[in-house]
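S.K.: no FASTA, just this:
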């Protein structure tokens, strides 16, 4: 969206060998700091193979306001399946995703509470698509996060499997559209801010991103 107040960067990180393509998106909601900071950091990563296309500050107006929604409302409800997209920004983001021809799409988020503990919130969960073996990948990453990162004293913060994204054309979620129209693996990764400091949120979001990319043949290197 060059030349508008919603203009934001798209970055490409290339590995030294041929490999799959991943799209990483942060900042869909402007107050979810972990997502856009980890995505922004990923623009400077090295990867061993393949290609990583990053939109770190997707909803730049909302980020500047530290607000969940920008002028067009909730951006992650503007991607209905099989229909025209609802805003110029959603169309621009979807254009980046389609042009990348990805093997996997990762959308980074953060909630205020815990999945299946606080009825209004969905934190500490990964929501995979049905396509592309994403359910098995999510199970693997959830187990790894709970084994390696979540202390035994924080059992309520253990990661869980979120609802599988498959045939709901009306949710408006980006990963749902990824499933319906591209038929590839997609993940909506939700951290929580509930009793977690920002540095822990960043560390865990980074770990989830790296683990999901590794499952698809893209490994971060120094």
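M.R.: Nice, I can see it. Predicted model, so just to flag it, every value in this text is computed and none were measured.
S.K.: biggest helix in this structure by residues?
M.R.: Longest helix in the chain, counting residues (DSSP state H): helix 198-215.
S.K.: What are the buried residues along that one?
M.R.: Neighbour-count burial for helix 198-215, counted by 16 or more other CB atoms under 10 Å, picks out 200-202, 204-215. Backbone N, C-alpha and C define where each C-beta goes, glycine included.
S.K.: same question, stretch 59-78
M.R.: 59-63, 68-70, 72, 75-78.
S.K.: Also stretch 181-190?
M.R.: For stretch 181-190, burial by neighbour count (16+ other CB under 10 Å) applies to 182, 184, 185, 186, 187, 188, 189, 190.
S.K.: Angles on the backbone of residue 216, please.
M.R.: The phi and psi values for residue 216, taken as degrees, to the nearest 10, are phi -110, psi 20.
S.K.: Give the burial count for it, as a bare number.
M.R.: 22 (other CB atoms under 10 Å).
S.K.: swap in the one 3 residues further on?
M.R.: As a burial measure, the neighbour count of residue 219 was computed by other CB under 10 Å and equals 15.
S.K.: Quick one: classify the residue lying farthest from the centre of the chain as helix, strand or coil.
M.R.: Relative to the centre of the chain, and counting by CA atoms, centre = their mean, the farthest-placed residue is residue 153 at 27.1 Å. Going by DSSP: H, G, I helix; E, B strand; the rest coil, the secondary structure assigned to residue 153 is coil.
S.K.: quick check, nearest of the buried residues of stretch 59-78 to residue 127?
M.R.: Nearest to residue 127 among those is residue 76, at 11.2 Å by CB to CB.
S.K.: ok, so what distance separates the closest one from residue 217?
M.R.: Note on residue 76: its distance to residue 217, by CB to CB, to the nearest Å, is 27 Å.
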